[in-house]
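In: here are the coordinates; sequence isn't available:
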């Protein structure tokens, strides 16, 4: 029996096929998570440099201007839909509950965790720079929970599903523009990744967090390139 959306069942699948399905689902979720981490990194960078607008220069002199980070935001956002599509085509079903239920549970747990075990408020969790392990664990858990919710977003309610279909219809009309924008934003994301890496070499005291940021931006850019090569946005279809 093939995997069912309503019942968790792997009967009839070989071990290799089962491993492939699970690995591909994890890969899909990881790409969504990376997009969210990218957005959180940029939120933190922007918050800590906002007083210097419009001439702010993070990662100077390797980054020409902080404004290019807006292209990285675009790349991350455009990567979410194709990344989620990879997992949704597998029809992996659900174990006891929809994926978003587990997502909301993780979000609640991370909120309690941050409130109880850290001195950072939830409102500033993704804005302030903090090397505390508990704070960063809370960030990761929150983004992981949000990833599960995004992955299963259409199943939360018919209204949300209808809204997403409406957005998908508009994206279909501008798919060529989105395709080009994904290429441009991917190229800029790659440049930013290199710039942050060069800055990290010159600033060893902040090399570790900068390297994580650079790696995240690199994955974002590579994901954009793969999506462009596969013409993910050009192949978008309208729901029947």
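Out: Received it, and whenever you're ready, just let me know what you need. None of the values given here were measured: they were computed from a predicted structure.
In: What is the burial count for residue 36?
Out: Neighbour count for residue 36, taken as other Cβ atoms under 10 Å: 20. Bear in mind the C-beta positions are built from the backbone N, C-alpha and C, glycine included.
In: all helices in this structure, in order from the N-terminus.
Out: Under the criterion DSSP state H, helices of the chain are mapped to 15-47, 69-88, 99-117, 133-151, 158-173, 175-202, 207-230.
In: Go through those and pick out the most buried.
Out: Highest mean neighbour count among the helices of the chain (mean count of other Cβ atoms under 10 Å): helix 69-88, with a mean of 21.
In: quick one: residue 237 from residue 231, how far?
Out: Distance of residue 237 to residue 231, given as Cβ to Cβ, to the nearest Å: 12 Å.
In: wait, what's in contact with the most centrally placed residue in the chain?
Out: Geometric centre of the chain, nearest residue: residue 35, 2.1 Å, by Cα atoms, centre = their mean. Neighbouring residues of residue 35 by Cβ atoms under 8 Å, 6 or more residues apart in numbering: 76-77, 79-80, 83, 220, 223.
In: what ranges of the chain fall below the confidence cut-off?
Out: Across the chain, the ranges flagged by pLDDT under 70 are 1-13, 50-55, 88-97, 239-240.
In: Distance to residue 23 for the contacts of residue 35 - can I get that in TSV?
Out: Conversion of the contacts of residue 35 to TSV gives the following (distance: Cβ to Cβ, whole Å):
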residue	distance to residue 23
76	23
77	25
79	19
80	20
83	15
220	21
223	17
